[in-house]
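> Turn this into a model:
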Amino acid sequence: MSRYALGIDTSNYRTSCALFDIDAGTYQNIGELLDVPAGQLGLRQSDALFQHVKKLPGLLDRLMTAKQGDIVAVGVSDRPRRQEGSYMPCFLAGVSSARSIAAALGLEVCFFSHQEGHIASALYSAGRLNWMDRPFLSWHLSGGTTELLYVRSSNRRVMDVQVIGGTRDIAAGQLIDRAGVALGLPFPSGPHLEKLARSSDSGDFSRVRLDGLFFSFSGVENQFRAALEHGKAPEDVARFVLNTVVQTVRRDTEAAKALYDLPVLFSGGVSASIYLQDAMPPSDDLCYAQQGLGGDNALGAAVLSAIRGGIR
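Numbers count the residues shown, from 1 in each chain. As a prediction, the model looks like this:
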């Protein structure tokens, strides 16, 4: 019989839960995107919370059918980042379920930030969990976050995350979603915008100014909206936005590696971009989340709960 760690994550985009088989090192992660009405850029927190409350019980039921052993650890995302004032009501759905399950099993709940979960799932899926034994750099590229992080941990149990770069205004994912919705694409728009961009061979991009390791994407939004108003082809607009995101992140990564000389991890939904991975291919000191774990997931919370409990 296996020992399992259960992870739950109820973000602004997806309801997720995961079982991590501690002994075999295998996992099952399942989730559902929240339903966003056409033309809208996300949900109000009250609507997101309501959807999580409806979706999570069914997902947990599905997940438990695969279990052949005992749950010995429970982890959950309770906030966006591990910093003062970081809070979103949508995470309460996962916290409530995790507390109830843990209480029924006589376990303590391990609480993590959504960002810590992204980092841990990316490391585990890429076979780089040993990076937690030393400092490394990590990009969190998602719908709501574009941050370059300096990460170190204490015995793999507590992550110390410091923001050293990234956007000062809208995130890469927000820029992509705004472009996608403006082009009539579904939300979240990343995969749809990439599909549209494949019809273009344009190499155009905006050379965003770097301020140290920080930058701004708000001017790029003004540029793509102006291009649409002037009749630029939708596929060329899509390619322009993606090219700009990729080239900005690439230049920033090169600058960071020159400063810190540390390996770089990519996590978050935007990191799954084929354009980004083509521009910066994986190597010994640069890696991406694998197996569909770039986007929101609960595996990170499960893995971290096993580590914190001293089981893994």
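> Excluding residues flanking it in the chain, which one is nearest residue 257?
Nearest residue to residue 257, sequence neighbours excluded (Cβ to Cβ, 6 or more residues apart in numbering): residue 264, at 6.6 Å. Just so you know, the C-beta spots here come from the backbone N, C-alpha and C atoms, and that holds for glycine as well.
> Point out where the protein drops to low pLDDT.
Scanning the chain for pLDDT under 70 picks out 156-157, 312.
> and residue 266, how far is that from residue 121?
For residue 266, the distance to residue 121 (Cβ to Cβ, to the nearest Å) stands at 12 Å.
> To clarify, my last question referred to residue 249.
Distance of residue 249 to residue 121, given as Cβ to Cβ: 20 Å.
> higher neighbour count, the two?
residue 121 (33 against 27; other Cβ atoms under 10 Å).
> Against which helices or strands is the host helix or strand of residue 304 packed?
If you go by DSSP states H and E, residue 304 is part of helix 299-308. In terms of contacts (3 or more Cβ pairs under 8 Å, 6 or more residues apart in numbering; DSSP states H and E), helix 299-308 is packed against strand 2-10, strand 14-21, strand 27-33, strand 69-79, strand 109-113, helix 114-125.
> CA atoms only: put the longest one into PDB for me.
To tie it back to what came earlier, the one meant is helix 114-125. Provided in PDB are the C-alpha atoms of helix 114-125 (Å, rounded to 0.1, in the frame of the first residue of the first chain):
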ATOM      1  CA  HIS A 114       0.400  29.500  -4.900                       C
ATOM      2  CA  GLN A 115       3.800  30.700  -6.100                       C
ATOM      3  CA  GLU A 116       5.700  28.200  -3.900                       C
ATOM      4  CA  GLY A 117       3.500  25.500  -5.400                       C
ATOM      5  CA  HIS A 118       4.400  26.600  -9.000                       C
ATOM      6  CA  ILE A 119       8.100  26.500  -8.100                       C
ATOM      7  CA  ALA A 120       7.900  23.000  -6.500                       C
ATOM      8  CA  SER A 121       5.900  21.400  -9.200                       C
ATOM      9  CA  ALA A 122       8.200  22.800 -11.900                       C
ATOM     10  CA  LEU A 123      11.300  21.500 -10.000                       C
ATOM     11  CA  TYR A 124       9.800  18.100  -9.400                       C
ATOM     12  CA  SER A 125       8.500  17.600 -13.000                       C
END
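> Next SSE downstream of it?
Using DSSP H and E, the helix or strand that directly follows helix 114-125 along the chain is strand 136-141.
> which helices and strands sit right next to that next one?
helix 114-125, strand 146-154, strand 158-167, helix 234-260, strand 264-267.
> and these, which is most packed in?
helix 114-125 (a mean of 28; mean count of other Cβ atoms under 10 Å).
> Also compute the angle for it relative to strand 158-167, please.
Helix 114-125 runs at 100 degrees relative to strand 158-167, counting by axes from the mean of the first three to the mean of the last three Cα atoms, to 10 degrees.
> which strands and helices sit next to helix 114-125?
Packing partners of helix 114-125 (3+ Cβ pairs under 8 Å, 6+ apart): strand 2-10, strand 69-79, strand 136-141, strand 146-154, strand 158-167, strand 264-267, helix 299-308.
> Output these as a markdown table; include the columns distance to residue 51.
Shown next, in a markdown table, are the helices and strands packed on helix 114-125 (distance: least, Cβ to Cβ, whole Å):
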| stretch | distance to residue 51 |
| --- | --- |
| strand 2-10 | 9 |
| strand 69-79 | 16 |
| strand 136-141 | 23 |
| strand 146-154 | 25 |
| strand 158-167 | 27 |
| strand 264-267 | 24 |
| helix 299-308 | 19 |
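> which stretch among those comes nearest residue 59?
strand 2-10 (9.1 Å; Cβ to Cβ).
> And that closest one, what's buried?
Of the residues in strand 2-10, 3-10 count as buried by neighbour count, 16 or more other Cβ atoms under 10 Å.
> Let me see the contact set for the residue of the chain most remote from its centre.
Going by Cα atoms, centre = their mean, the residue of the chain most distant from its centre is residue 230, 34.0 Å out. Listed by Cβ atoms under 8 Å, 6 or more residues apart in numbering, residue 230 has no contact partners.
> picking that back up, if the residue nearest to residue 257 is in a bridge, with which residues?
Beta-bridge pairing for residue 264 (DSSP bridges): residue 137, residue 286.
> so it touches residue 141, yeah?
No - counting by Cβ atoms under 8 Å, residue 264 stays clear of residue 141, with 11.7 Å between them.
> related to what we said a few turns ago, dump the helices and strands packed on strand 136-141 to TSV, plus distance to residue 303.
Listed next are the helices and strands packed on strand 136-141 as TSV, based on distance: least, Cβ to Cβ, whole Å:
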stretch	distance to residue 303
helix 114-125	5
strand 146-154	13
strand 158-167	12
helix 234-260	25
strand 264-267	13
